[in-house]
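Peer 1: task: produce atomic coordinates for the following.
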Amino acid sequence: MVGLALALTACSADRIERGIFHSGKGYQVTLPPGAWRVERDGEADLALRREEPPAGMLANATCSGREPARPLRALSRHLLFGLTHRSTVEEAPITVAGRSGVRSVVRGERDGRQVAVDAVVLKDDRCVYDFLYVAPVGEFESGRPAFAAFLESFAPEREATR
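Peer 2: Residues are numbered from 1 along each chain as shown. Next up, the predicted model:
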């Protein structure tokens with residue numbers, strides 16, 4: 001068990017250099033400008049939070065198990081667990097950095113608050129890449145340009161850096 005934990009730690013050499021997050025899973029994204037700060041949540045590769053107006057976003061990759069073989073729609077629904085009374089505002093295919101995916105914009109309730117979510121799932125033969133932006137409904141649009149830039153900055157790193 002200790003060996004497995006050490007191997008996982010060695011594989012996940014995440015780092016931030018000059019405003020760019022480099023994931024040990026072989027991709028990078030540019031941090032959004034402004035008041036976004038890195039949160040250490042332990043679940044996502046990168047979690048960001050903004051206090052005013054309140055919002056959060058994340059990037060995560062899963063490169064093992066059954067995830068890369070699952071259909072995009074099923075993977076997209078997985079990102080919305082915990083969101084109740086939800087209604088889909090928009091759902092459409094998307095391509096980012098040559099990876100096919102699906103984007104879902106959804107409104108719902110989380111912890112008793114009305115929120116809107118922009119969820120994007122991309123995949124290739126090796127990994128599933130999740131991108132999520134969430135904010136209270138009234139503040140949602142103010143953070144979408146930052147999320148769009150964050151998503152569009154996604155780039156796989158060369159095979160040698162994995």
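
Peer 1: where in the protein is pLDDT low?
Peer 2: Residues of the chain meeting the criterion pLDDT under 70: 1-12, 41, 158-162.

Peer 1: can you pull up the most central residue in it?
Peer 2: For the chain, the residue nearest the mean C-alpha position is Phe131 (2.2 Å; CA atoms, centre = their mean).

Peer 1: now name the helix or strand holding it.
Peer 2: Taking DSSP states H and E as the criterion, Phe131 maps to strand 128-136.

Peer 1: what comes into contact with stretch 61-80?
Peer 2: Residues outside stretch 61-80 that contact it (CB atoms under 8 Å, 6 or more residues apart in numbering) are 23, 25-27, 45, 86, 91, 100-102, 104, 106, 108, 117, 119, 121, 123-130, 132. (Each C-beta comes from the backbone N, C-alpha and C, glycine too.)

Peer 1: quick check, Ser76 in a helix?
Peer 2: Yes. Under DSSP: H, G, I helix; E, B strand; the rest coil, Ser76 sits within a helix.

Peer 1: that one and Thr30, how far apart?
Peer 2: Taking CB to CB, to the nearest Å as the measure, Ser76 falls 23 Å from Thr30.

Peer 1: the more surrounded of the two?
Peer 2: Higher neighbour count among Ser76 and Thr30: Ser76, with 19 against 15, using other CB atoms under 10 Å.

Peer 1: how about the helices in this structure?
Peer 2: 2-11, 72-79, 140-152 (DSSP state H).
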